[in-house]
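Participant: Mind looking at a prediction? Sequence and model below.
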Amino acid sequence: MAGVSAAPSGRGLEVRDVVVLYRDDDGTTKAAVDGLDLDVAPGEVVALLGPSGSGKSSLLRAVAGLEPVARGTITWDGGDLAGVPVHQRGIGLMFQDGQLFPHRDVAANVAFGLQMQRVPRAERARRVGELLELVGLGGFGDRDVASLSGGERQRVALARSLAPRPRLLLLDEPLSALDRALRERLADDVRAALRATGTTALFVTHDHDEAFAVADRIAVMDAGRLLQVDPPARLWHRPASRRVAAFLGYEAFVRADSPAGRALRGGSGAGRGAGDQGSGRDGQDHDGHDHDSQDHDGPAERLLALGPGSLVLAGEPGGHGATLTGTVLQSGFRRGVVELVVEVPDVGQVTVVEPSAGVQLDAPAPGSTVALRAQPDAIAVVG
Ligand SMILES: Nc1ncnc2c1ncn2[C@@H]1O[C@H](COP(=O)(O)OP(=O)(O)OP(=O)(O)O)[C@@H](O)[C@H]1O
């Protein structure tokens, strides 16, 4: 979009060995961020994904200058940010609750940063108009912010944080106050807006779907450290450790060289490079750390990870294409699909997702035996 985009250049954000400490009530210190390295290239969107309490917000606040760094360095284009005050870092912030100015209309909210930068009125008005179009709120300029829905407020907050062309935008759970359907839609729109403006961004979320929808690369964080940093497809198909795979929602783990593992691989390609697609930007797909995976000699000694979609129903037990059988433990119906929790011997419990076959056909009942076929592309190789 002409006029909105800032051409990315330089080295971007470099976080090196950063530690953020908090002092507990009893006087002991605790590392919320524990020696963490992370790069965000100019124009790149990185999602920081991790469970509650893993240190995501603490890292974001340290980058913003809102939290002291006990050790390590944070640089932008090679320049150390230590000692640079928050408002001089050229960093934009967007939070869960938008924090709009209640007494200003939509346009005045979006214009705020531009006013601070003393951008002339006509140019300000033009940029506000462009940004409102960009976030899907063309014509909303005169609206009172109190009259907006939650999703609209977050769109305004996004436009406001993009307006001054921050060299880095930090988003802390910007969609988590919204309901799921809205969140999914807005995640796509946030990505489109960041792309269109060439904005470099670090996006904190605990929601996998959001991270996968928004990011060029996902940094998986746990207990103050990064477990893996990779583009979405690579992370999904090649989680670096069982811990990462379990966090992503994989349910069962099988050694690739076990009989069940061989049945799952079945000459189909799983365990032999599945997920090698999408290895991402030059030299940037392996800068994460992994604390609980081991070096493996080859794919055969690796673990296969199965989750919803890894196995599908295969007609009759022993029938054509069936590789495994299992016992149905639970059967449910969600959003047009049948979800079965199936106990598969030597594999474990796996969720089998099937499109509903129609009103007259019942899903397999708990207790029944089902034949299953592996979907190699939906089986991850760990490590
Ligand atoms: N001001 C503080 N004082 C003491 N401890 C804190 C403070 N802020 C955060 N912590 C602790 O540091 C750890 C990391 O917190 P942080 O908010 O960074 O995690 P998070 O991954 O962003 O979690 P959430 O998704 O719940 O926001 C947690 O154990 C938290 O209790």
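Facilitator: Arrived safely.

Participant: For the ligand, what's the nearest residue on the stretch 101-250 of the chain?
Facilitator: Proximity to the ligand, evaluated over the stretch 101-250 of the chain using Cβ to the nearest ligand atom, is greatest for residue 206 at 5.0 Å. Backbone N, C-alpha and C define where each C-beta goes, glycine included.

Participant: Which parts of the stretch 251-383 of the chain are strands?
Facilitator: Assigned strands in the stretch 251-383 of the chain, in chain order: 252-255, 303-306, 311-313, 324-334, 337-344, 348-355, 369-374, 379-382 (criterion: DSSP state E, counting those that start in this stretch).

Participant: from those, which stretch is densest packed?
Facilitator: For the strands of the stretch 251-383 of the chain, the largest average neighbour count (mean count of other Cβ atoms under 10 Å) is found in strand 303-306, namely a mean of 26.

Participant: That one: partners in the sheet, and parallel or antiparallel?
Facilitator: Taking DSSP bridges as the criterion, strand 303-306 pairs within the sheet with strand 252-255 (antiparallel), strand 379-382 (antiparallel).

Participant: And the lowest mean pLDDT element among the helices and strands of the protein?
Facilitator: Confidence across the helices and strands of the chain bottoms out at helix 259-265, with a mean of 87, counting by mean pLDDT, DSSP states H and E.

Participant: Show me what that helix is packed against.
Facilitator: For helix 259-265, the elements it packs on are strand 252-255, strand 303-306, strand 324-334, strand 369-374, judged by 3 or more Cβ pairs under 8 Å, 6 or more residues apart in numbering; DSSP states H and E.

Participant: out of those strands, nearest to the ligand?
Facilitator: Comparing the helices and strands packed on helix 259-265 by their distance to the ligand (Cβ to the nearest ligand atom), the top pick is strand 303-306, with 23.6 Å.

Participant: Beyond the strand or helix carrying residue 115, next helix or strand please.
Facilitator: Taking DSSP states H and E as the criterion, the element that holds residue 115 is helix 106-116. Beyond helix 106-116 on the C-terminal side, the first helix or strand identified by DSSP H and E is helix 121-134.

Participant: pull the longest helix from the protein.
Facilitator: Among the elements of type helix in the chain, defined by DSSP state H, the one spanning the most residues is helix 180-197.

Participant: pLDDT below threshold where in the stretch 201-350 of the chain?
Facilitator: Low-confidence regions of the stretch 201-350 of the chain, defined here as pLDDT under 70, cover residues 267-300, 316-322.

Participant: check which helix or strand covers the residue nearest to the spatial centre of the chain.
Facilitator: Nearest to the mean C-alpha position of the chain, counting by Cα atoms, centre = their mean, stands residue 211 at 1.6 Å. For residue 211, the element it lies in under DSSP H and E is helix 208-214.

Participant: which residues touch the helix or strand that that helix is followed by?
Facilitator: Past helix 208-214, heading to the C-terminal end, the next element that is a helix or strand (DSSP H and E) is strand 217-222. With Cβ atoms under 8 Å, 6 or more residues apart in numbering as the contact definition, strand 217-222 has outside contacts at 36, 38, 44, 46-51, 54-56, 59, 211-212, 226-232, 235, 243-244, 247, 280-281, 284-285, 288.

Participant: Can you flag the buried ones in those residues?
Facilitator: Among those, those scoring as buried are 36, 38, 44, 46-50, 54-56, 59, 211-212, 226-232, 235, 243-244, 247, 280, 284-285, 288 (criterion: 16 or more other Cβ atoms under 10 Å).

Participant: tell me which parts of the stretch 1-150 of the chain are close to the ligand?
Facilitator: Residues of the stretch 1-150 of the chain lying close to the ligand by Cβ under 6 Å from any ligand atom are 22, 32, 50, 52-58.

Participant: Could you pull up the mean pLDDT of the helix holding residue 115?
Facilitator: The pLDDT scores in helix 106-116 average 94.

Participant: Now do that helix: which elements does it pack against?
Facilitator: Judged by 3+ Cβ pairs under 8 Å, 6+ apart, the packing partners of helix 106-116 are helix 121-134, helix 150-162.

Participant: Save these as JSON lines, and put in distance to residue 217, mean pLDDT and mean neighbour count too.
Facilitator: Converted to JSON lines, the helices and strands packed on helix 106-116 look like this (distance: least, Cβ to Cβ, whole Å; pLDDT from 0 to 100; neighbours: other Cβ atoms under 10 Å):
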{"stretch": "helix 121-134", "distance to residue 217": "23", "mean pLDDT": "95", "mean neighbour count": "17"}
{"stretch": "helix 150-162", "distance to residue 217": "20", "mean pLDDT": "94", "mean neighbour count": "24"}
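
Participant: what residue ranges in the stretch 51-200 of the chain score low on pLDDT?
Facilitator: Counting by pLDDT under 70, not a single residue of the stretch 51-200 of the chain qualifies.

Participant: The residues of the stretch 1-150 of the chain next to the ligand: which two are farthest apart?
Facilitator: 22 and 50 (16.7 Å; Cβ to Cβ).

Participant: Residue 30: how many residues sit nearby?
Facilitator: 11 (other Cβ atoms under 10 Å).
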